[in-house]
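S.K.: Structure for this input, please:
(one chain, ligands or ions: 2)
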Amino acid sequence: MAAAMAGGDLERALRRAWFPVLRAEDLGGPRMVTLLGEELVVFRTAAGAPAVASNRCPHRGAGLALGEVHGDAIACPYHGWQWRAGDGGCTRIPSLADQSTIPRNFRLRTYPAEERLGLIWTCLDEPLSGLPWPSELDADEWALGCGEPIPAPVGIAAATENFRDVAHFPFVHRVSMGEVREAVDRLDVRRDGTEVWLDWPFPASSGAGSVWDREAPVIFRYHLVAPSFVSLVMDYGAGGKRVLINAPSPHDRESCTIFWVEGVTADFDGPSLQECIDITSRVYAEDNPILATLRPREVPFGTTPEFSTASDRYTLAYRRAFLEFVSRANGEVPAGAGVAGSPAAGGG
Ligand code: FES
Ligand SMILES: [Fe+2]
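M.R.: Ligands and ions are numbered 1, 2, ... in the order given. A predicted model of the protein is given here:
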């Protein structure tokens, strides 16, 4: 594994990634969220457009999430100054008799806001690339729904590793998945720069009534986009497809909220979308107590000795993709330049 990475490099790089900060359905009035240590206010303008800005009012530092929306601006709860979504311009200072004298340089720090997959996304610095999108979804019609976001006391890389790790199924998910074969066949991992793919035939399960326990064999098709976006298409062939999208969003280096989206194709002959969401909630509930015990709370990237084996091929490829994201975001590798070679099992 590459040399240890300084914390500042990592945080600076992650500021260039898009992260979800809230479910769209949870955005009624203004809400405060924390992304990479920054307190942000998320709100909708009167026209319904999502907006993201610093939660800190530039006048005296009051928290804007307690304020109100007026048209396309958010009004501070302290002295009522109003700040426009988008460019952050100050549009009203109630204590000022003549509003035309508001200095033009009074500005609230704002960030881009996008709504996609039922989530509100933002990026704290110049985005390294566009919003992540699972291209596998393009070939089918999907019904999608967001699960309840999950706070987790680990970093985004640790949460991402857990989501796409297949060797933990027979241990952590014995109840939800039933019997899963312990030995992991050679993982056919493919990495291209910051993206990693793995197609994995799920070993036949005998789980009572589990969604994986179907007559048709299911292929798990993972597609990961570093730093932390993973789609998992569960392909049942003629039985249709399910998808589970996992997108941990960092509060800081050692804690995150896992946003997730479930979906089924129209021809999926398994449980309903809502039943799939309920099943996945139970799966996450099995993971979380284990995640909470991880020390360190984030992938150590070479600073702590670990042992890896062939079943960790995908994990090691992910770590390379993650480090490549960090290098590119910090301007050390030109964006678009791939790194040759695929990861070797057991290597670091
Ligand atoms: S602190 Fe926000 S208007 Fe004064
Ligand atoms: Fe799991």
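
S.K.: can you map out the strands along the stretch 51-200 of the chain?
M.R.: 68-70, 73-75, 82-84, 90-92, 110-111, 114-116, 119-122, 142-146, 150-152, 189-192, 195-201 (DSSP state E, counting those that start in this stretch).

S.K.: what residue lies at the spatial centre of this protein?
M.R.: A247 (2.0 Å; C-alpha atoms, centre = their mean).

S.K.: and that one, bridged to which residues?
M.R.: Beta bridges link A247 to F259 when assigned by DSSP bridges.

S.K.: again with the one 5 residues further on
M.R.: When bridges are assigned using DSSP bridges, the partners listed for D252 are S255.

S.K.: Redo the strands of the stretch 51-200 of the chain as CSV? Include mean neighbour count and mean pLDDT.
M.R.: C-beta here means a position set from N, CA and C on the backbone, and glycine is covered the same way. Shown next, in CSV, are the strands of the stretch 51-200 of the chain (neighbours: other C-beta atoms under 10 Å; pLDDT from 0 to 100):
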stretch, mean neighbour count, mean pLDDT
strand 68-70, 16, 98
strand 73-75, 24, 98
strand 82-84, 24, 98
strand 90-92, 18, 98
strand 110-111, 20, 98
strand 114-116, 16, 98
strand 119-122, 25, 98
strand 142-146, 17, 98
strand 150-152, 18, 98
strand 189-192, 17, 98
strand 195-201, 18, 96
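
S.K.: Dump these to TSV, plus distance to L36.
M.R.: Output for these, formatted as TSV (distance: least, C-beta to C-beta, whole Å):
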stretch	distance to L36
strand 68-70	25
strand 73-75	21
strand 82-84	21
strand 90-92	26
strand 110-111	11
strand 114-116	17
strand 119-122	11
strand 142-146	22
strand 150-152	15
strand 189-192	25
strand 195-201	22
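
S.K.: Kindly provide the distance from R297 to A24.
M.R.: 29 Å (C-beta to C-beta, to the nearest Å).

S.K.: neighbour count winner among the two?
M.R.: R297 (20 against 15; other C-beta atoms under 10 Å).

S.K.: And what about that one, helix, strand or coil?
M.R.: Judged by DSSP: H, G, I helix; E, B strand; the rest coil, the three-state class of R297 is coil.

S.K.: Now do the closest residue to it other than its chain neighbours, the pLDDT please.
M.R.: Excluding its sequence neighbours, the residue lying closest to R297 (C-beta to C-beta, 6 or more residues apart in numbering) is E254, at 4.0 Å. E254 carries a pLDDT score of 97 in this model.

S.K.: Please apply the same query to V175.
M.R.: 87.

S.K.: what do you get for V211?
M.R.: V211 is given a pLDDT of 61.

S.K.: still on that earlier bit, now the strands of the stretch 51-200 of the chain in a markdown table, with distance to ligand 1?
M.R.: Converted to a markdown table, the strands of the stretch 51-200 of the chain look like this (distance: least, C-beta to the nearest ligand atom, whole Å):
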| stretch | distance to ligand 1 |
| --- | --- |
| strand 68-70 | 12 |
| strand 73-75 | 8 |
| strand 82-84 | 9 |
| strand 90-92 | 9 |
| strand 110-111 | 15 |
| strand 114-116 | 26 |
| strand 119-122 | 21 |
| strand 142-146 | 32 |
| strand 150-152 | 29 |
| strand 189-192 | 47 |
| strand 195-201 | 43 |
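
S.K.: Out of the ones you listed, which gets nearest to V175?
M.R.: strand 150-152 (17.8 Å; C-beta to C-beta).

S.K.: That closest one - which strands sit beside it in the sheet, and in what orientation?
M.R.: Here strand 150-152 is paired, per DSSP bridges, with strand 255-265 (antiparallel).

S.K.: the inter-axis angle of the partner strand versus strand 142-146?
M.R.: Going by axes from the mean of the first three to the mean of the last three C-alpha atoms, to 10 degrees, strand 255-265 is angled at 150 degrees with respect to strand 142-146.

S.K.: that older thread, quick one: which of the strands of the stretch 51-200 of the chain is nearest H168?
M.R.: That would be strand 195-201 among the strands of the stretch 51-200 of the chain, by C-beta to C-beta, at 13.3 Å.

S.K.: Let's see the closest one as PDB, backbone CA atoms only.
M.R.: Provided in PDB are the C-alpha atoms of strand 195-201 (Å, rounded to 0.1, in the frame of the first residue of the first chain):
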ATOM      1  CA  GLU A 195     -13.200   3.200 -10.400                       C
ATOM      2  CA  VAL A 196     -13.400  -0.500  -9.500                       C
ATOM      3  CA  TRP A 197     -15.700  -3.300 -10.700                       C
ATOM      4  CA  LEU A 198     -16.300  -6.700  -9.400                       C
ATOM      5  CA  ASP A 199     -18.900  -9.300 -10.700                       C
ATOM      6  CA  TRP A 200     -19.400 -12.000  -8.100                       C
ATOM      7  CA  PRO A 201     -21.800 -14.900  -8.300                       C
END
